[in-house]
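Q: Generate coordinates for the sequence data below:
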Amino acid sequence: MNTFVSSTLAGLFLLVSSVGISSSLECMDTPHPIKLLPHELKQHIASLAIQTTLGYNFTASTILFLGDSPIGSVAFSPNGKTLLTGEGKGVALLWDITTKNQLQKITGPAGSTIGSVAFSPKGTMVLIAFGLTAHLWDISKGQEIQLFKGHRDTITSVAFSPDGSMVLTGSDDYTAGLWDVSTGTRLKKFIGHKDSITSVAFNPKGTMVLTGSLDNTARLWNAETEAVEQEFIRHTGSVNSVALSPDGTTVLTGSSDNTACLWDVKTGQRLHRLQGHTGDITSVAFSPDGSMALTGSLDKTARLWNVKTGIQLIVLEKHKDGITSVAFSPEGNTIVTGSLDRTVRLWSRLKEAEELYTKKLSLVLEKHKN
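A: Below is the predicted model:
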């Protein structure tokens, strides 16, 4: 059986199961079983059947650099020209994406480790979590300009507000903090998780903050009142990473139960459960247009998923150890992955392959339309 046919049948059973139609599929006894299905379902099957083409939508990865210790965090600058990486031994590095040259080296306090890194919205500053404190670094000056101090345990995650006026921190002390960039003062403290906070994020308007925790939950908080607006509670393992879609309507969580989940912000209902990884999911991200979800795992792979359908699109396999951090470039044409194998890899999209995929999909849909 060729790849096209086998993919079609696999997709048929997967999709029929997902919409609750009997898996016995009596129509499979007919010469043309797909013709008996609703047109919308045909579209899903056709799309899945040729998604092998999407496997060529990203080039084989290139290694940006080999670090001295495992890579814990990665972040793209807003213009996509610079990459920030954080190593386990307390060293953050700024890289030129085009030349692959190291631009700056930022070293934390002696004995510290890096929990997380982030770029400011304008790309002029970076935020780095070193142990119990978060440090704001001016790139042009090459020096620290602000310190955020107050957590009682290691800071695990950091993020900038959309307007750059505030930063958000999550900590092993079970709390998240909202801080004023100009003064370093803590403005809000989010209390309620029953274990370490692993990941934090802002919604696009900066009015809500999202936290993930080792207590197996993710929570959406009102940034002004500190009240919990929504709780996402169906994971059976720790929530290691969280993200909000660009339009603010969908939450993405990655867990130690080897799954990622997409959730509706308003209702708190789970929209899709993304299954396929065979190890803890450590990092998640949305594509800039919100159409794809990216997951990284200790199973050494990163995977792309269709947000609307929950279907897996691509598996990125090159790392020799678990992936700890993933990110999209601002234009969505490049993916970066950081790993315990001490490497940072860049994966670039091939537009020609995407055009071929779209063309093939159109032909298949037209063929099965009637």
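
Q: use CA for all of it now, contacts and neighbours both
A: OK.

Q: Wait, residue 117 touches residue 87, no?
A: No - assessed by CA atoms under 8 Å, residue 117 is found out of contact with residue 87, at 10.0 Å.

Q: shared neighbours, the two?
A: Any residue near both residue 117 and residue 87 by CA atoms under 8 Å, 6 or more residues apart in numbering counts here, and that gives residue 73.

Q: For residue 336, the count of nearby residues, please.
A: For residue 336, the count of nearby residues is 23 (other CA atoms under 10 Å).

Q: again with the one 3 residues further on
A: Using other CA under 10 Å, residue 339 has 29 other residues around it.

Q: begin at 10 from here
A: In the new count, where the first residue is 10, that last one comes out as residue 348.

Q: what about residue 313, helix or strand, and which?
A: strand 310-315 (DSSP states H and E).

Q: so what does that strand touch, helix or strand wise?
A: The contact analysis (3 or more CA pairs under 8 Å, 6 or more residues apart in numbering; DSSP states H and E) places strand 310-315 against strand 301-306, strand 321-326, strand 332-337.

Q: can you list the ones you listed in JSON lines and add mean neighbour count?
A: Listed next are the helices and strands packed on strand 310-315 as JSON lines, based on neighbours: other CA atoms under 10 Å:
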{"stretch": "strand 301-306", "mean neighbour count": "27"}
{"stretch": "strand 321-326", "mean neighbour count": "18"}
{"stretch": "strand 332-337", "mean neighbour count": "26"}
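
Q: how about those strands, which one is nearest residue 116?
A: Judged by CA to CA, the one of the helices and strands packed on strand 310-315 that comes nearest to residue 116 is strand 332-337, at 19.7 Å.

Q: Moving C-terminal from that closest one, which element do we reach first?
A: Sequence order places strand 343-348 as the next helix or strand after strand 332-337, per DSSP H and E.

Q: now that next one: mean pLDDT?
A: In this model, strand 343-348 has a mean pLDDT of 96.

Q: and the angle for that strand with strand 321-326?
A: 50 degrees (axes from the mean of the first three to the mean of the last three CA atoms, to 10 degrees).

Q: so how far is strand 343-348 from its chain's centroid?
A: 10 Å (CA atoms, centre = their mean, to the nearest Å).

Q: Which elements pack onto that strand?
A: strand 80-85, strand 332-337, strand 352-357.

Q: which neighbours does the last one have in its sheet, and in what orientation?
A: What it means is strand 352-357. Strand 352-357 has its sheet partners listed here by DSSP bridges as strand 71-75 (antiparallel), strand 343-348 (antiparallel).

Q: For that strand, output the C-alpha coordinates as PDB.
A: Once non-C-alpha atoms are left out, strand 352-357 reads as follows in PDB (Å, rounded to 0.1, in the frame of the first residue of the first chain):
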ATOM      1  CA  THR A 352      23.000  22.400  21.100                       C
ATOM      2  CA  VAL A 353      20.700  25.000  19.700                       C
ATOM      3  CA  ARG A 354      19.200  24.200  16.300                       C
ATOM      4  CA  LEU A 355      17.500  26.300  13.700                       C
ATOM      5  CA  TRP A 356      14.800  24.900  11.400                       C
ATOM      6  CA  SER A 357      13.900  27.000   8.300                       C
END
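
Q: Just checking the distance from that strand to the centre of its chain.
A: Worked out by CA atoms, centre = their mean, strand 352-357 lies 15 Å from the chain centre.

Q: Next: the second one.
A: Distance of strand 332-337 from its chain centroid, counting by CA atoms, centre = their mean, is 7 Å.

Q: Contacts for it, please.
A: For strand 332-337, the surrounding residues in contact (CA under 8 Å, 6+ apart) are 80-85, 291-297, 303-311, 343-349.

Q: Tell me the strands beside it, with direction?
A: According to DSSP bridges, strand 332-337 has these partners: strand 343-348 (antiparallel).

Q: rewinding a little: any chance of the strands paired with strand 352-357 in JSON lines, with distance to residue 245 too?
A: Listed next are the strands paired with strand 352-357 as JSON lines, based on distance: least, CA to CA, whole Å:
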{"stretch": "strand 71-75", "distance to residue 245": "34"}
{"stretch": "strand 343-348", "distance to residue 245": "24"}
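
Q: Highest mean neighbour count out of those strands?
A: strand 343-348 (a mean of 25; mean count of other CA atoms under 10 Å).

Q: Just the CA trace of it, in CSV.
A: Extracted in CSV, the C-alpha atoms of strand 343-348 (Å, rounded to 0.1, in the frame of the first residue of the first chain):
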residue,chain,number,x,y,z
THR,A,343,12.1,29.7,11.5
ILE,A,344,11.9,27.4,14.6
VAL,A,345,14.6,27.3,17.2
THR,A,346,15.1,24.4,19.6
GLY,A,347,17.4,24.1,22.7
SER,A,348,18.4,20.8,24.1
